[in-house]
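Q: A predicted structure for the sequence below; I have some questions about it.
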Amino acid sequence: MTGEAHGEPAKGGRPPSVDALARSIADVGLPHPLLVDAAREAIAASAPASARDRAEAVRRALLKPVVNATGVLLHTNLGRAPIAVSLQGRATNLELDLATGRRGNRHVHAAGLLARLAGAEDALVVNNGAAAVLLACTALAAGRPVLVSRGELVEIGGGFRVPEVLATSGARLVEVGTTNRTRLSDYEAALAAEPGTGLVLKVHQSNYRILGFTESVGIEALSGLGPPVVADLGSGLLDVSTPWLPEGPPPWLAGEPAARQSLIAGASLVTFSGDKLLGGPQAGIIAGRADLVASCARHPLARALRPGGLVLQALQETALAYLRRDGRSIWFWRMATTGEAELRERAEAIAGKTAARVVGCTSVAGAGSLPGLELPSIGVTLAGDHAAALRRASIPVIARVRDGSTVCDLRSVHPDDDLVLAEALGALGR
């Protein structure tokens, strides 16, 4: 084979042909058109030998499985709640009523199961939590006032700001109370000043807490004011009693609002994310009064915000696991409730195969859920910063660096990936 085929300049200083250079790096595993792009860029930069590195950079940038060893259970950068759904390459009855043979409704499958789980009359699924709030406010209050406590005008990850969402919906934000103290009388005064109020929006603060000299108004009191109360729960806890966990609710859930209890307290609608505490795919859920859910579903925006069949099927599988009370099959709940003894046993097995040592560490929920929560955990550690090297593993391992050492927290690592983690750690010394 000539030097030209290896990506080296041909005799006389001529650059190699684009096709020959692309074929010489075929083992990178990308489709030929992408290899051609890398080869063309390398030749244009007068650096044909860089074609392989350019192609490798493209391959690494593609979506792929990684091992989350950060201890952040719902890591937004890593897709939040891990899900495992196996789908056959077949058509589904996404919008077909099998009983009549006529066109059906994509919202009756997963949404119906979620409504049952939340104790709601009906439910609707959209593509994320922000979309659920946007659609509810647009469909129910466009052109009308919406009351929100100043202490709940939050911004969460990704730039989701409640005032901006309301402005986009066409509703008019009416701020109530103060940042740290909002009373029922503040809402009553706002209602008197704003006839025709569309709804009262109560927003879970998600990723921060106001402590000290504070006061807020609960859903039960708000529900007596007259306008519908929409409670944006954010994190997606279905039921404070956690019937899917045999040992009952863990103590760290205390105070976390849940869909079922919020509706019982008088919320007309609740909205929440599918990929946080629910443990499913990215989605937004609107659940509550059937007439209000129907208004949301009829709005033209609902079509633009609807999820596809893959998301709905994954969400259906998640809901069925809840109905089976099989919390161990919902990966978030398995991660969050695994005992330290089990984690230590796994860590010792990994340490026995590598130069790593067992270490105590702390996990967090992540994704703006359960702020302040710290779960005692067990991991393995190596001296030095090896984060970049671990990301270059065949299955990338995402670790964290603390006090000059690399820590892999096993609470966020699936047991099936322990061997992958051990191999990546073992390769560091080679």
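A: Sure, I can see it.
Q: Stretch 51-62: which residues count as buried?
A: Of all the residues in stretch 51-62, those buried under the rule 16 or more other Cβ atoms under 10 Å are 51-52, 54-56, 58. C-beta coordinates here come from the backbone N, C-alpha and C atoms, glycine included.
Q: let me fix that: stretch 290-309
A: 292-293, 295-297, 299, 301-302, 305-307.
Q: How far does it sit from its chain's centre?
A: Offset of stretch 290-309 from its chain centre (Cα atoms, centre = their mean, to the nearest Å): 21 Å.
Q: And the contacts of that stretch?
A: By Cβ atoms under 8 Å, 6 or more residues apart in numbering, the residues outside stretch 290-309 that reach it are 92, 94, 106-107, 120-127, 131, 134-136, 138-140, 228, 268-269, 283-284, 286-287, 315.
Q: L30 touches R59, doesn't it?
A: Yes: counting by Cβ atoms under 8 Å, L30 does reach R59; the two are 5.6 Å apart.
Q: burial count for P251?
A: Neighbours of P251 under the rule other Cβ atoms under 10 Å: 6.
Q: Adjust the sequence numbering to begin at 29 for everything that follows.
A: OK, 29 is where the count begins now, so the last one is P279.
Q: separation between it and T166?
A: Distance, P279 to T166, by Cβ to Cβ, to the nearest Å: 38 Å.
Q: just the strands in the stretch 129-278 of the chain please.
A: All strands of the stretch 129-278 of the chain, identified by DSSP state E, counting those that start in this stretch, fall at 150-154, 173-177, 183-184, 188-189, 200-204, 227-231, 257-262.
Q: could you give the angle of the longest one to strand 173-177?
A: Meaning strand 257-262. For strand 257-262 against strand 173-177, the angle by axes from the mean of the first three to the mean of the last three Cα atoms, to 10 degrees is 50 degrees.
Q: How about the fifth one?
A: With the same axes, to 10 degrees as the criterion, the two stretches strand 200-204 and strand 173-177 enclose an angle of 30 degrees.
Q: moving C-terminal of the helix or strand encompassing C436, what's the next helix or strand?
A: Using DSSP states H and E, C436 sits within strand 433-437. Next along the chain after strand 433-437, taking DSSP H and E as the criterion, comes helix 446-455.
Q: Touching that following helix from outside, list them.
A: 95, 97, 374, 377-378, 381-384, 408, 410, 418, 421, 423, 425, 436, 438, 441.
Q: Sketch out the low-pLDDT regions of the stretch 279-428 of the chain for me.
A: Judged by pLDDT under 70, the stretch 279-428 of the chain has no weakly predicted residues.
Q: count of residues packed around R178?
A: By other Cβ under 10 Å, neighbour count at R178 equals 14.
Q: ditto for the one 3 residues further on
A: If you count neighbours by other Cβ under 10 Å, L181 ends up with 18.
Q: close enough to count as contact, it and V190?
A: Yes: here L181 reaches V190: they are 5.1 Å apart, a contact under Cβ under 8 Å.
Q: Now name the helix or strand holding I314.
A: strand 312-316.
Q: Compute the inter-axis angle for that strand and strand 150-154.
A: Going by the same axes, to 10 degrees, strand 312-316 makes 170 degrees with strand 150-154.
Q: quick one: the helices in the stretch 329-458 of the chain?
A: Applying DSSP state H, counting those that start in this stretch to the stretch 329-458 of the chain gives helices spanning 337-351, 359-365, 368-379, 415-419, 446-455.
Q: residues contacting E149?
A: So E149 contacts 143, 316-318, 321 (Cβ under 8 Å, 6+ apart).
Q: make it 10 Å
A: By Cβ atoms under 10 Å, 6 or more residues apart in numbering, E149 lies in contact with 143, 291, 315-322.
Q: pLDDT at it, what is it?
A: Model confidence at E149, given as pLDDT, is 98.
Q: how about the helices of the stretch 329-458 of the chain in a markdown table, adding distance to A195?
A: Output for the helices of the stretch 329-458 of the chain, formatted as a markdown table (distance: least, Cβ to Cβ, whole Å):
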| stretch | distance to A195 |
| --- | --- |
| helix 337-351 | 27 |
| helix 359-365 | 33 |
| helix 368-379 | 46 |
| helix 415-419 | 39 |
| helix 446-455 | 46 |
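Q: and R108, which of the ones you listed is closest to it?
A: R108 lies closest, by Cβ to Cβ, to one member of the helices of the stretch 329-458 of the chain: helix 359-365, at 8.7 Å.
Q: now the closest one: how far from the chain's centre is it?
A: In this view, helix 359-365 has its centroid 14 Å away from the chain centroid, taken as Cα atoms, centre = their mean.
Q: Output the contacting helices and strands for that helix.
A: helix 337-351, strand 403-411 (3 or more Cβ pairs under 10 Å, 6 or more residues apart in numbering; DSSP states H and E).
Q: Only the buried residues of the longest one, if you could.
A: Of the residues in helix 337-351, those buried by neighbour count under the rule 16+ other Cβ under 10 Å are 339-347, 349-350.
Q: Dump those into CSV; add distance to T207 as well.
A: As requested, the buried residues of helix 337-351 are exported to CSV (distance: Cβ to Cβ, whole Å):
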residue, distance to T207
V339, 36
L340, 39
Q341, 42
A342, 38
L343, 36
Q344, 41
E345, 41
T346, 36
A347, 37
A349, 40
Y350, 36
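Q: Identify the farthest-apart pair in these.
A: Farthest pair in these, by Cβ to Cβ: V339 and Y350, 16.7 Å.
Q: Looks like A48 contacts A54 (just checking).
A: No: with contacts counted by Cβ atoms under 10 Å, A48 stays clear of A54, the gap being 11.0 Å.
Q: neighbour count winner among the two?
A: Ranked by neighbour count (other Cβ under 10 Å), A48 and A54 place A48 first, with 17 against 11.
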